[in-house]
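> here is a sequence with its predicted model. Questions after.
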Amino acid sequence: MEDEEIERYARHLVLKEIGGPGQQRLRAASALIVGAGGLGGPAALYLAAAGVGTITLIDPDTVSLDNLQRQVQFATGDVGQPKAAIAAQGLARLNPLVNVRAVQAELTPENAVAVLAGSDVVLDGCDNFETRFAVNAACHHLGKPLISGAVGRWTGQVAVFTSGLSKGTPCYQCFVPAIPPDAETCERVGVVGALTGIIGSMMALEAIKWITGAGNPLSGRLLMYDGLAGTSRTLTLHRDSACPVCGQ
């Protein structure tokens, strides 16, 4: 490592679970983040700060004024600008040692495999089930670990899906078999802004653990956080043999 890297990542280097080898794995890794908003924004900031070598942000939207209540990677002057590009600029300022790519496009079933193919780990913080299903199917097909986060009102959840890597483990669609007919969105039910920072940071933490081999990732498990009560619990997820993505 260069002297600048040793100083920048000093707090990682003294962690026995990361150290020099783990930091080099972070530098060599590529992470793709679907959605540069409430979850993808803080996740991206922490991955850039951690020294993940290549970070790709994909988001089709522009910054709106009502985003600023929770998407703290943006400022008032960014309203109307493409989210992925503005967020990428912030990551480059935070850590110029990181290679950042911005893709202003919608991820669809048609382009998902091509978009995700070059990444080592995928983080999904999007706001609709259609995109989540497309990301999940592509990750299963490509054998990529998928870190999924979601928020609403005062609660959030994080899970890691590795069905394409570990036979018998569940994929996201085992957990959510079909789009709920009454699917709630933050626009409809609201969300407390600080919660997105908590869940987005948890997503980044799971990615760092996966890349470095530290600890026990949430593979096949769902962590649920209740911000109003200040409590959390972890559930074990099971594979669905009838799942249209990973089932027999």
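Now that the structure is in, tell me what you want to look at. Residues are numbered from 1 along each chain as shown.
> only C-alpha atoms from now on, for both contacts and neighbour counts.
OK.
> contacting residues for the nearest residue to residue 70 once chain neighbours are set aside?
Sequence neighbours aside, residue 193 is the residue nearest to residue 70 in space, at 4.1 Å (criterion: Cα to Cα, 6 or more residues apart in numbering). By Cα atoms under 8 Å, 6 or more residues apart in numbering, the contact set of residue 193 is 69-71.
> need the strands for this structure, in chain order.
For the chain, the strands defined by DSSP state E cover 30-34, 54-58, 99-103, 121-124, 146-152, 155-161, 221-226, 231-236.
> look up the pLDDT of the closest residue to residue 247 other than its chain neighbours for me, please.
Take residue 247 and drop its neighbours on the chain: the residue closest to it by Cα to Cα, 6+ apart is residue 241, 4.4 Å away. pLDDT, residue 241: 94.
> now swap in residue 46 and tell me
98.
> what of residue 186?
72.
> and the residue nearest to it when sequence neighbours are not counted, what does it touch?
Excluding its sequence neighbours, the residue lying closest to residue 186 (Cα to Cα, 6+ apart) is residue 152, at 5.7 Å. When contacts are counted by Cα under 8 Å, 6+ apart, residue 152 is found next to 184-186, 189-192.
> among those residues, name the ones in helices.
Counting by DSSP state H, these place 186, 189 in helices.
> which of the contacts of residue 152 has the most neighbours?
Counting neighbours by other Cα atoms under 10 Å, the top entry in those is residue 191, with 19 neighbours.
> roughly how far does that one sit from residue 56?
Residue 191 sits 26 Å away from residue 56, going by Cα to Cα, to the nearest Å.
> repeat that for residue 196.
Counting by Cα to Cα - residue 196 and residue 56 are separated by 20 Å.
> more neighbours: the two, which one.
Of the pair residue 196 and residue 56, residue 196 is the one with more neighbours under other Cα under 10 Å, namely 29 against 23.
> does the more buried one touch residue 70 like I think?
Yes: using Cα atoms under 8 Å, residue 196 makes contact with residue 70 at a distance of 6.7 Å.
> tell me, what's touching these two both at once?
Between them, residue 196 and residue 70 share the contacting residues residue 38, judged by Cα under 8 Å, 6+ apart.
> on that earlier part again, rebuild the contacts of residue 152 as JSON lines, extending it with distance to residue 202.
JSON lines is the format used below for the contacts of residue 152 (distance: Cα to Cα, whole Å):
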{"residue": "184", "distance to residue 202": "22"}
{"residue": "185", "distance to residue 202": "20"}
{"residue": "186", "distance to residue 202": "19"}
{"residue": "189", "distance to residue 202": "22"}
{"residue": "190", "distance to residue 202": "21"}
{"residue": "191", "distance to residue 202": "17"}
{"residue": "192", "distance to residue 202": "16"}
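> from the contacts of residue 152, which two are the most distant?
Based on Cα to Cα, the longest span within the contacts of residue 152 runs between 184 and 192 and measures 14.7 Å.
> wait, what's in contact with the residue positioned nearest the centre of the chain?
Geometric centre of the chain, nearest residue: residue 123, 2.6 Å, by Cα atoms, centre = their mean. Applying Cα under 8 Å, 6+ apart to residue 123 gives the contacts 31-34, 40, 146-149, 203, 207.
> so which elements touch the lowest-mean-pLDDT helix or strand in the chain?
Ranked by mean pLDDT, DSSP states H and E, the weakest helix or strand in the chain is helix 186-189, scoring a mean of 76. Applying 3 or more Cα pairs under 8 Å, 6 or more residues apart in numbering; DSSP states H and E, one finds that helix 186-189 makes contact with strand 146-152.
> how far off centre is the strand it packs on?
Here strand 146-152 is found 7 Å from its chain centre; the criterion is Cα atoms, centre = their mean, to the nearest Å.
> that strand vs strand 30-34, what angle?
Taking axes from the mean of the first three to the mean of the last three Cα atoms, to 10 degrees, one finds strand 146-152 and strand 30-34 inclined to each other by 30 degrees.
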